[in-house]
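S.K.: When you get a sec, could you give me coordinates for this:
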Amino acid sequence: MTLGIMPKNLWDKSPIELNEKNTNPIGSGPYMISSVSKQSSGIIDYYELTYFKKFILGTPYIKNIVLRFYPNESGILQALENGDIEQVGSIMPENAESLKLKNYRVESSVLPRVFGLFFNQNQNKLFTDKVVVRAINDAIDKDKIVRDVLYGYGVAIDDPIPPNMIAYQKLNSENNISREETLKKVQSSLTKDGWKIGTSGFLEKTATEKKRR
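M.R.: Numbering: from 1, shown residues only. Take a look at the predicted model:
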């Protein structure tokens, strides 16, 4: 672990994200800042980068780059359609699908980003029951969420191992059962654990809490 020291007299005059030492950095990479456009508040509108002639590995293939910043995704998409910028990244799935329909080329890559459901066991002891947690996990149609919510820009997983690894393929090779079979298995496990269909039509279970003396 390396501990860096930041001089107070250089960094305490403004928020770190707007500080001159942060917005106009010095480095040894292939590009250097040629100009910066800022708003009166200090927020940056865009950077113009040019290649750094003293870069140790030579001249980069792209000599000039302009990086523009927008307050929200709708502003980014509007700039793209107006021709102000040539490409965007990390946009919402529905916007990617909309751009595809407008004949924009959409590229995707696998990122280590996970959307999950987390239970607060301190608020409800029901979520400490492994049978219940397993039933919820199995009952949720992850493929439907990927298809209808993420527009296909995602992969359903049942464990931390990414699906492009051999270990994942071996682990899940025997889990190719139908949706109907999965739901029957879930109901069976809950029934064995004491859950019954109540008047509401949902599975219910009555538990008695011990009173503390």
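S.K.: where's the residue nearest to Leu126 when sequence neighbours are not counted relative to Asn124, distance?
M.R.: Closest residue in space to Leu126, ignoring its immediate chain neighbours: Val132 at 5.9 Å, by Cβ to Cβ, 6 or more residues apart in numbering. To be clear about C-beta, it is placed using only N, CA and C from the backbone, and glycine gets the same treatment. Val132 is 10 Å from Asn124, where distance means Cβ to Cβ, to the nearest Å.
S.K.: Mind checking which of the two has more residues around it?
M.R.: Relative neighbour count places Val132 above the other of Val132 and Asn124, with 18 against 9, counting by other Cβ atoms under 10 Å.
S.K.: Spell out which helix or strand contains Ser37, please.
M.R.: Using DSSP states H and E, the secondary-structure element containing Ser37 is strand 31-38.
S.K.: quick one: buried residues of that strand?
M.R.: Buried residues in strand 31-38, defined by neighbour count with 16 or more other Cβ atoms under 10 Å: 31-33.
S.K.: any chance of the residues you listed in JSON lines, plus distance to Phe52 and pLDDT?
M.R.: Conversion of those to JSON lines gives the following (distance: Cβ to Cβ, whole Å; pLDDT from 0 to 100):
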{"residue": "Tyr31", "distance to Phe52": "6", "pLDDT": "93"}
{"residue": "Met32", "distance to Phe52": "5", "pLDDT": "92"}
{"residue": "Ile33", "distance to Phe52": "10", "pLDDT": "91"}
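S.K.: What is the nearest of those to Ser188?
M.R.: Using Cβ to Cβ, the shortest approach to Ser188 within the buried residues of strand 31-38 belongs to Tyr31, at 60.8 Å.
S.K.: bridging residues for that closest one?
M.R.: Partner residues in beta bridges with Tyr31: Tyr51, with DSSP bridges as the criterion.
S.K.: Now for the protein, the helix or strand with the poorest mean pLDDT.
M.R.: The element with the least model confidence among the helices and strands of the chain, by mean pLDDT, DSSP states H and E, is helix 166-171, at a mean of 54.
S.K.: Burial check on Leu80, number of neighbours?
M.R.: Residues within reach of Leu80, counting by other Cβ under 10 Å, total 19.
S.K.: same thing with Ile157?
M.R.: Taking other Cβ under 10 Å as the criterion, the count of residues near Ile157 is 14.
S.K.: pLDDT at it, what is it?
M.R.: According to the model's per-residue confidence, Ile157 sits at a pLDDT of 83.
S.K.: Same check on Val131?
M.R.: For Val131, the model assigns a pLDDT of 92.
S.K.: Spit out the contact partners of the nearest residue to it once chain neighbours are set aside.
M.R.: For Val131, ignoring the flanking residues on the chain, the nearest one in space by Cβ to Cβ, 6+ apart is Asp193 at 4.4 Å. Applying Cβ atoms under 8 Å, 6 or more residues apart in numbering, we find Asp193 in contact with 129, 131-132, 205.
S.K.: Return the longest helix seen in the chain as PDB; C-alpha atoms alone will do.
M.R.: Using DSSP state H to define each element, the chain has its longest helix at helix 179-192. Output of helix 179-192 as PDB, limited to C-alpha atoms (Å, rounded to 0.1, in the frame of the first residue of the first chain):
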ATOM      1  CA  ARG A 179     -39.100 -23.200 -16.400                       C
ATOM      2  CA  GLU A 180     -42.100 -25.300 -15.400                       C
ATOM      3  CA  GLU A 181     -39.900 -27.900 -13.800                       C
ATOM      4  CA  THR A 182     -38.000 -25.200 -11.900                       C
ATOM      5  CA  LEU A 183     -41.200 -23.700 -10.400                       C
ATOM      6  CA  LYS A 184     -42.500 -27.200  -9.400                       C
ATOM      7  CA  LYS A 185     -39.300 -27.800  -7.700                       C
ATOM      8  CA  VAL A 186     -39.600 -24.500  -5.800                       C
ATOM      9  CA  GLN A 187     -43.100 -25.200  -4.700                       C
ATOM     10  CA  SER A 188     -42.200 -28.700  -3.600                       C
ATOM     11  CA  SER A 189     -39.300 -27.400  -1.400                       C
ATOM     12  CA  LEU A 190     -41.500 -24.800   0.200                       C
ATOM     13  CA  THR A 191     -44.300 -27.300   0.900                       C
ATOM     14  CA  LYS A 192     -41.800 -29.700   2.600                       C
END
